[in-house]
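Visitor: coords below, sequence missing:
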């Protein structure tokens with residue numbers, strides 16, 4: 001993640017800011033690629049796909065928490081929806097500092113959360129292409145990583161940070177033992193877990209990075 005951030009910030013542009021925001025959201029939100037992209041340029045559905053209106057920031061002047069409403073997912077077939085809370089990490093890798101600059105330049109027009117400068121929607125294919133290009137520039141083998149690496153990398157990093165299993169399952173919205181249905185964690189406590197995701201020790205294999213495993 002650190003190398004990706006450095007490269008994207010060196011070549012600062014609207015699309016690089018958008019890509020970094022998407023990477024931060026994917027990692028810290030433990031998201032599946034289908035949860036933050038749209039299928040094709042012609043298949044956006046505001047009732048299903050992640051939209052600008054699904055993002056809430058606690059304080060625009062000093063943001064510390066972002067709420068992301070996921071309207072449906074693989075583990076939510078009845079579309080009950082779920083809220084994900086991302087918090088400031090006090091680290092260079094941070095979902096708040098990753099998303100806020102993009103939200104500032106995106107504009108307020110309704111539609112998918114992620115839109116390129118030339119007004120294309122961020123589809124799964126487009127995200128995969130941009131990720132492959134980024135990995136190529138970093139001289140990382142693109143065959144070893146894919147768009148799902150963010151979600152699994154986040155879970156691996158969370159485990160290295162000694163985040164309890166119950167919280168990891170909650171963050172990733174994985175099915176778990178029935179007792180976890182009764183866990184009610186305050187949003188700010190969930191947001192605080194973002195900071196712990198960047199406090200994990202870096203292993204020899206680099207598995208504490210978002211794209212370290214798949």
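Guide: Cool, the structure landed. Remember, predicted model here, so these are calculated numbers, not experimental data. Numbering: from 1, shown residues only.
Visitor: Could you say which helix or strand holds residue 127?
Guide: Applying DSSP states H and E as the criterion places residue 127 in helix 124-137.
Visitor: hmm, who's touching that helix?
Guide: For helix 124-137, the surrounding residues in contact (Cβ atoms under 8 Å, 6 or more residues apart in numbering) are 4, 7-8, 15, 19, 22-23, 33-34, 37-39, 116, 120, 141-142, 145-147, 211. Any C-beta I mention is one placed from the backbone N, CA and C, and that applies to glycine too.
Visitor: run the last query once more with 6 Å
Guide: Under the criterion Cβ atoms under 6 Å, 6 or more residues apart in numbering, residues 4, 7, 19, 33, 37, 142, 147 lie in contact with helix 124-137.
Visitor: what does stretch 194-201 give?
Guide: With Cβ under 6 Å, 6+ apart as the contact definition, stretch 194-201 has outside contacts at 28, 86, 87, 89, 91, 93, 95, 157, 160, 161, 163, 208.
Visitor: Please spell out which residues along that stretch are buried.
Guide: For stretch 194-201, the neighbour count (16 or more other Cβ atoms under 10 Å) marks 194, 196, 197, 198, 200 as buried.
Visitor: before we move on, the earlier item: among the contacts of helix 124-137, who's most crowded?
Guide: Ranked by the number of neighbours (other Cβ atoms under 10 Å), the contacts of helix 124-137 place residue 37 first, at 25 neighbours.
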